[in-house]
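**Student:** Structure, please.
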Amino acid sequence: MAINWFPGHMHKAQKEIKEMLPQIDVVIEVCDARLPFSSENPMITEIRGDKPLIKILNKCDLADAEKTQIWLEYLESQHNVKAIALTTENTATAKMIPELIRKLVPHKNAEGKQINAVIMGIPNVGKSTLINTLVGKAKAKVGNEPAVTKGQQRIRLEEGLYLLDTPGMLWPKISNENSGYRLAVSGAVKDTAFDHDDIAYFAAEYLLANYPERVIERYKLDEAPQHEEDLIAAIGIKRGCVRSGGLIDMHKASVILINEIRDKTLGPITFEMPDIIEKENQHFNELEAKRVAARDAKKQARGRGRKNKRK
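**Tutor:** Numbering: from 1, shown residues only. Down below sits the predicted model:
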């Protein structure tokens with residue numbers, strides 16, 4: 001199931017960001033520490049050029065600490081990228097960001113010139129909360145569901161240092177289909193845009209493969225089920241999601257699993273690693289190449305058919 005959610009205000013914001021980028025000195029991208037790749041916007045890589053990029057892995061208290069450290073090292077190995085991990089409660093680390101921005105453009109800082117940074121991130125990743133921490137007051141709108149910020153706003157962080165806030169943005173097409181599932185599990189996509197059962201099955205499969213001990217402990221099971229459907233059914237039984245006649249309400253059980261992932265009831269979880277992403281991207285790129293080749297072959301066949309008819 002492909003998950004795409006791209007409201008009109010996101011399209012407008014994307015266009016505006018491209019137009020104002022020449023005046024920007026530093027790009028800040030807030031990602032979800034549980035899914036650093038799936039929560040990054042590929043547009044940023046395309047348009048930022050050689051501008052310094054601060055990659056913030058937010059909500060790291062919800063992620064696996066050891067895996068977050070691997071991601072930080074991986075991201076910092078990339079050109080002109082500085083990566084830091086934050087929680088919404090760790091204000092001390094967050095307040096170091098203005099100093100980091102200045103260090104990334106030393107020539108402007110030394111000359112006392114105005115420094116402009118732009119902050120971007122997917123919906124519901126904690127961007128607005130971070131901004132309010134930086135300025136010390138409720139400057140940006142905050143909500144616990146996607147797409148609260150609808151327009152750009154320019155914020156003064158310090159003397160000579162300005163931050164442009166942008167709406168949370170996804171992108172028209174998520175090429176790695178598994179990334180779409182992960183975004184839905186994390187809460188980045190409105191719940192009305194996906195099927196809870198489908199997403200829960202995806203999450204259950206991952207948990208059984210990577211965190212079986214958490215599943216056993218949380219749902220008081222004797223052993224980890226072999227299949228994701230069995231896990232959802234076990235959750236349904238344990239949580240009383242049983243209809244008359246003994247039928248398990250798989251939808252209610254699916255919603256319970258998703259909510260318990262989001263609120264950290266199942267503990268800190270990271271849903272992807274660099275090696276996983278490399279394999280998945282290769283797989284989906286190959287599938288896309290086959291789709292394009294098949295489409296082109298059909299076009300050529302139609303073209304030959306029209307020529308034969310004219311003869």
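**Student:** ok, so what distance separates Ile261 from Gln114?
**Tutor:** Distance check for Ile261 against Gln114: by C-beta to C-beta, to the nearest Å, it reads 43 Å. All C-beta atoms are positioned from the backbone trio N, CA, C, and that covers glycine.
**Student:** Settle it for me: which of these two has more neighbours?
**Tutor:** Ile261 (24 against 11; other C-beta atoms under 10 Å).
**Student:** these two touch, right, the more buried one and Thr270?
**Tutor:** No: when contacts are counted by C-beta atoms under 8 Å, Ile261 is not listed as touching Thr270 (11.6 Å).
**Student:** number of nearby residues for Pro42?
**Tutor:** So Pro42, with other C-beta under 10 Å, has 13 neighbours.
**Student:** I'd like the distance between it and Asp249.
**Tutor:** Distance from Pro42 to Asp249, by C-beta to C-beta: 38 Å.
**Student:** same check, this time on Ser39
**Tutor:** Separation of Ser39 from Asp249 (C-beta to C-beta): 31 Å.
**Student:** Name the residue in the two with the higher neighbour count.
**Tutor:** A count of neighbours by other C-beta under 10 Å puts Ser39 above the other of Ser39 and Asp249, at 28 against 15.
**Student:** pLDDT score assigned to that one?
**Tutor:** At Ser39, the model reports a pLDDT of 92.
**Student:** Over to it: give its phi and psi.
**Tutor:** Main-chain dihedrals, Ser39, degrees, to the nearest 10: phi -100, psi 0.
**Student:** Now do the contacts for it.
**Tutor:** By C-beta atoms under 8 Å, 6 or more residues apart in numbering, Ser39 lies in contact with 31-32, 121-122, 125, 183, 186, 188.
**Student:** hey, where'd the strands end up in the stretch 201-311 of the chain?
**Tutor:** Read by DSSP state E, counting those that start in this stretch, the stretch 201-311 of the chain holds no strands at all.
**Student:** and this protein, what are its domains?
**Tutor:** 10-165, 174-299 (automatic domain parsing).
**Student:** Would you single out the least confident of those domains?
**Tutor:** Confidence, taken as mean pLDDT, is least for domain 10-165 of these (a mean of 85).
**Student:** so how far is that domain from its chain's centroid?
**Tutor:** 13 Å (C-alpha atoms, centre = their mean, to the nearest Å).
**Student:** ok, now how distant is Gln229 from Glu217?
**Tutor:** Heads up, residue 229 is Glu, not Gln. Distance, Glu229 to Glu217, using C-beta to C-beta: 21 Å.
**Student:** er, Lys51 I mean
**Tutor:** Relative to Glu217, and taking C-beta to C-beta, Lys51 is found at 45 Å.
**Student:** For the helix or strand hosting Leu75, buried residues please.
**Tutor:** Per DSSP states H and E: Leu75 is located in helix 65-76. Neighbour-count burial for helix 65-76, with 16 or more other C-beta atoms under 10 Å as criterion, is recorded at 67-68, 71-72, 74-75.
**Student:** so what does that helix touch, helix or strand wise?
**Tutor:** Under the contact criterion of 3 or more C-beta pairs under 8 Å, 6 or more residues apart in numbering; DSSP states H and E, helix 65-76 touches strand 53-58, strand 81-85, helix 274-310.
**Student:** what about 7 Å?
**Tutor:** Counting contacts by 3 or more C-beta pairs under 7 Å, 6 or more residues apart in numbering; DSSP states H and E, helix 65-76 is packed against strand 53-58, strand 81-85.
**Student:** Roughly how far does Ser39 sit from Ile235?
**Tutor:** Ser39 sits 26 Å away from Ile235, going by C-beta to C-beta.
**Student:** swap in Arg102?
**Tutor:** 49 Å.
**Student:** Give me the more crowded residue out of these two.
**Tutor:** Ile235 (25 against 19).
**Student:** thought that one was touching Ala253?
**Tutor:** Yes: using C-beta atoms under 7 Å, Ile235 is in contact with Ala253, at 4.5 Å.
**Student:** In stretch 110-128, which of the residues would be classed as buried?
**Tutor:** Within stretch 110-128, the residues that count as buried by 16+ other C-beta under 10 Å are 115-128.
**Student:** Let me fix that, I meant to ask about stretch 82-98.
**Tutor:** So, applying 16+ other C-beta under 10 Å, buried residues of stretch 82-98: 82-88, 94, 97-98.
**Student:** Stretch 206-219 now?
**Tutor:** 206-208, 211, 214-215, 218-219.
**Student:** Pipe those into CSV and attach distance to Pro22 per row.
**Tutor:** Formatted as CSV, the buried residues of stretch 206-219 follow (distance: C-beta to C-beta, whole Å):
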residue, distance to Pro22
Tyr206, 41
Leu207, 45
Leu208, 48
Tyr211, 45
Arg214, 47
Val215, 50
Arg218, 50
Tyr219, 53
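**Student:** Tell me the one of these nearest Arg243?
**Tutor:** Among those, Tyr219 lies closest to Arg243 (C-beta to C-beta), at 19.4 Å.
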